[in-house]
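Undergrad: Pasted the sequence and its predicted model underneath.
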Amino acid sequence: MSERTLAIIKPDAVKKHVIGDIIHRYEQAGLRPVAMRMMVMAKQTAEGFYAVHKSRPFFDSLCTFMSSGPVVVLILSGDNAIKKNRDLMGATDPAKADKGTIRAAHGANIEFNAVHGSDSPETAKQEIAYFFPEMDVVR
Ligand code: CMP
């Protein structure tokens, strides 16, 4: 079933010049970008995006990192897009991520982990709406 997921190429990956490599991996896996935006998030924008993690000890540091430089925010569309993207990304902690995954290749540690991907259909819907009005999504 075709579905949509939200992906973010984080500031660490943008600084490493691997935007192209990451988008290539999405496309090779059959995940088609249907919306894409490069931006520097205000810290408040990152705080709103990660609101579910508000009580975690890493929340402030995570939001500082996510607003520290340009990111690329994308909607990816394809069969089983949510799981497919999570498989491509690998585990949250790059040290535990399978070989061949984006985080194993480009992540430095559990915080600077190169990419984000929605973890469920409900989160995907919320996260997509957080960054993109429906009229900005191509068909
Ligand atoms: P992401 O998939 O974007 O979702 C939440 C983010 O919080 C996660 O990737 C990491 O960047 C960060 N994160 C999760 N757990 C930790 C942790 N224990 N310490 C620091 N950052 C974390």
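TA: Noted; the coordinates are in hand. Numbering: from 1, shown residues only.
Undergrad: ok, now which ones touch the nearest residue to residue 47 once chain neighbours are set aside?
TA: Excluding the flanking residues, the one nearest residue 47 by Cβ to Cβ, 6 or more residues apart in numbering is residue 63, at 5.0 Å. For the C-beta atoms, the positions are set from N, CA and C on the backbone; glycine is no exception. Contact partners of residue 63, counting by Cβ atoms under 8 Å, 6 or more residues apart in numbering, are 43, 46, 47, 50.
Undergrad: same question, residue 116
TA: Residues in contact with residue 116, defined by Cβ under 8 Å, 6+ apart, are 6, 7, 8, 10.
Undergrad: Out of the contacts of residue 63, name the ones that lie in strands.
TA: Cross-referencing the contacts of residue 63 against strands under DSSP state E gives no overlap.
Undergrad: And those residues, which is closest to residue 78?
TA: The closest of the contacts of residue 63 to residue 78 turns out to be residue 50 (Cβ to Cβ; 24.9 Å).
Undergrad: Backbone dihedrals for the residue nearest to residue 47, both of them.
TA: The phi and psi values for residue 63, taken as degrees, to the nearest 10, are phi -70, psi -30.
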